[in-house]
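A.B. asks: Sequence plus the predicted model coming up.
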Amino acid sequence: MSEPDRYDRYARLRPLLAAEVAAEAPPDAGIEHADVEQAVWLRLLELAAPPAEPLRWLRTAVRAEVRAASRAARGVHPYDAFGYHFGSGPAARNAPGVEDEVLDDERSRAVRAAIGRLPGRCPQVVSALMSRSDLTYREISRELGISQGSLGPLRSRCLGCLRTLLKSRVGSPVGRGNAR
């Protein structure tokens with residue numbers, strides 16, 4: 001596709017982009033619509049080739065940018081790919097040292113290894129839930145080929161299994177009474 005054709009095609013997306021941003025970003029959320037639109041345009045122009053499904057790509061990109069802008073407006077930071085974020089509390093006020101980085105890496109490796117040992121479809125479910133793409137339940141269910149209604153219970157079972165695997169690796173104190 002030649003450059004003028006590419007820009008004409010993108011120009012036709014402008015009204016849809018504005019409508020998507022208006023729909024996704026509520027007016028009272030403190031999110032500048034123009035900033036979100038600019039971020040989406042930048043993402044689009046950074047692609048090596050135009051997306052195969054521009055409308056779907058646009059909706060997904062707008063949703064991701066609005067979520068990021070919303071987090072930034074609230075001062076919330078997303079978890080890393082393995083669910084760890086230590087961006088609050090007294091320890092976060094000091095710059096992370098080498099020891100903190102080593103511990104974070106060790107925790108990430110332990111979680112990755114535990115995810116790989118999960119039974120059935122749980123590795124795919126947990127990986128999709130922890131994806132940096134910030135997928136919705138609808139997108140995860142479509143990607144995994146399961147119904148959206150069964151994703152919640154499956155997620156609960158899988159996270160319970162992951163919790164059990166991580167506790168067994170770390171070791172938990174034995175309480176009094178019957179062990180579970």
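C.D. replies: That came in fine, so what should we check first?
A.B. asks: Specify the next element, helix or strand, located C-terminal of the lowest-mean-pLDDT helix or strand in the chain.
C.D. replies: Within the chain, judged by mean pLDDT, DSSP states H and E, the helix or strand with the poorest mean is helix 90-93; its value is a mean of 46. Sequence order places helix 98-116 as the next helix or strand after helix 90-93, per DSSP states H and E.
A.B. asks: which residues touch the very next helix or strand once past that following helix?
C.D. replies: Tracing the chain past helix 98-116, the next element assigned as helix or strand by DSSP H and E is helix 122-129. For helix 122-129, the surrounding residues in contact (C-beta atoms under 8 Å, 6 or more residues apart in numbering) are 115-116, 118, 135, 140, 143-144, 151, 154-155, 157-159, 161-162. Yep, even glycine has a C-beta here, placed from its N, CA and C like the rest.
A.B. asks: Quick check: buried residues in the helix or strand that helix 122-129 is followed by?
C.D. replies: Per DSSP H and E, the first helix or strand lying C-terminal to helix 122-129 is helix 137-144. Residues of helix 137-144 classed as buried: 139-141, 144 (neighbour count, 16 or more other C-beta atoms under 10 Å).
A.B. asks: which other helices and strands contact the helix or strand hosting Cys158?
C.D. replies: Assigned by DSSP H and E, Cys158 belongs to helix 148-170. Counting contacts by 3 or more C-beta pairs under 8 Å, 6 or more residues apart in numbering; DSSP states H and E, helix 148-170 packs against helix 98-116, helix 122-129, helix 137-144.
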